[in-house]
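K.L.:
Fold the following, please.
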Amino acid sequence: MTDSKRLATSVLAACRHAPDARRRAGWTALALGVALLAAAPPTVQAQAGAYPSRPITLIVPYSTGTTADTLARLLGAKLTERWGVATLTDNRAGAAGAIGSEAVAKAPPDGYTLMFTATSHSTVPAMRPKLPFDPVKSFSHVILLGTSAMGLVVSPKLEAQTVKDFVALAKAKPGKLDYSTPGAGGVQHLAMELFLQETGTQLVHVPYKASATALNDVVAGHIPATVSSLQTAGTLIAGGKLRMLAVMSDERSPAFPGVPTLKELGHPSLVVDTWYGVMAPAATPVEIVAKLNTELNALLRLPEVREALAKQGVVPAGGAPERLQQLVANDIARWTKLVASAQIKTE
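P.N.:
Just a heads-up that it's a prediction; the model follows:
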């Protein structure tokens, strides 16, 4: 018997022993209210009761060791400290994040299943329009955790020293230069295709299965160029094994202040960041979403959390749930338009 049912039983017993009709009527009304709460679905009980009261599952739709996974474990541990309930990280990798996303979309909307996701949540729908969930409507958006910069990177063996040089070289050899990515349809692939459209150049896409191999062949000079996150390529860039021509973020990277942004070079449409956010199933009570948003915003202000994010190359974001929701919707529209106009092959 649940606590609510025990309380209802006790109240009913009390009403039978009340000294007069008026008191018996009052006790009976209270008992009926408690009984209705006891019989209510878990979502309603979660709304009305103390949240959280049991372990929370953090689904990460990527493999262990990824930035989203690191953030889930870091912030999950902090939530455990603050709330006194366990957080369990569950990696559901596969299909560029679609497997884990589907699991969250179909989970009970009670606040006990959350998703720590990333940019692929908005690129996959552009490449795979027939998903078993709606990338916007199937989720309650909780918070944008942070963003991470990407850069246009070339082999040191390539003669191009600037973006202008690179564009001139590509135009002189249309369809003759290659670029690598960790896979078709990812943000690196779409970001480079956006660059090619903007600059009117043609390069050949060479997809790999992992970021490391995609970068290694650029280091070796087998592939002239790539787009990479700075946390992945940063060490190679700093060591002179890769040359970064430009950063694709809104502002210059503090780690590479001498490298210009594509925006300041005259390409404001080429601002492309990777992002990380938290979502819950659609119809999660607004009170629970608000509490999660408040707690995670507070965690993002902690010095130790900001330091840990900096080591991952992530700039803390935060803000209201609507910030993440709008970002996802805008990204999906942007990438869907690009895939159609560039005639990128979809499923």
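
K.L.:
Before we go further, G185 is sitting in a helix, right?
P.N.:
No. Using DSSP: H, G, I helix; E, B strand; the rest coil, the secondary structure at G185 is coil, not a helix.

K.L.:
shift numbering so it begins at 20
P.N.:
In the new numbering, first residue 20, that becomes G204.

K.L.:
residues in contact with it?
P.N.:
Counting by Cβ atoms under 8 Å, 6 or more residues apart in numbering, G204 makes contact with A115, T142, V143, A145, M146, R147, I363, T365. C-beta: built from backbone N, CA, C; applies to glycine.

K.L.:
how about 10 Å then?
P.N.:
By Cβ atoms under 10 Å, 6 or more residues apart in numbering, G204 lies in contact with 115, 139, 142-143, 145-147, 226, 354, 358, 363-366.

K.L.:
Most neighbours of all those residues, which one?
P.N.:
Greatest neighbour count in the contacts of G204, by other Cβ atoms under 10 Å, goes to T142: 27 neighbours.

K.L.:
Is it correct that that residue falls within a helix?
P.N.:
Yes. Counting by three-state DSSP, T142 is found in a helix.

K.L.:
what's the farthest-apart pair in the contacts of G204?
P.N.:
S139 and K364 (17.3 Å; Cβ to Cβ).

K.L.:
tell me, what residue is most central in the chain?
P.N.:
Residue closest to the average C-alpha location in the chain (Cα atoms, centre = their mean): A137, at 2.6 Å.

K.L.:
Secondary structure element holding the closest residue to that residue other than its chain neighbours?
P.N.:
Distances taken as Cβ to Cβ, 6 or more residues apart in numbering place A87 nearest to A137, at 4.7 Å, with adjacent residues excluded. Following DSSP states H and E, one finds A87 within helix 86-102.

K.L.:
Going along the chain, name the strands of the stretch 170-319 of the chain.
P.N.:
Taking DSSP state E, counting those that start in this stretch as the criterion, the stretch 170-319 of the chain carries its strands at 197-200, 223-226, 244-248, 262-266, 293-300.

K.L.:
now for the third one, which elements pack on it?
P.N.:
If I follow you right, that is strand 244-248. strand 169-173, helix 182-191, strand 197-200, helix 206-218, helix 230-238, helix 249-257, strand 262-266 (3 or more Cβ pairs under 10 Å, 6 or more residues apart in numbering; DSSP states H and E).

K.L.:
If we use 8 Å, what do you get?
P.N.:
Applying 3 or more Cβ pairs under 8 Å, 6 or more residues apart in numbering; DSSP states H and E, one finds that strand 244-248 contacts strand 169-173, strand 197-200, helix 206-218, helix 230-238.

K.L.:
and the second one, what's its mean pLDDT?
P.N.:
Spelled out, it's strand 197-200. When pLDDT is averaged over strand 197-200, the result is 96.

K.L.:
With the first one instead?
P.N.:
Regarding strand 169-173, the rounded mean pLDDT is 97.
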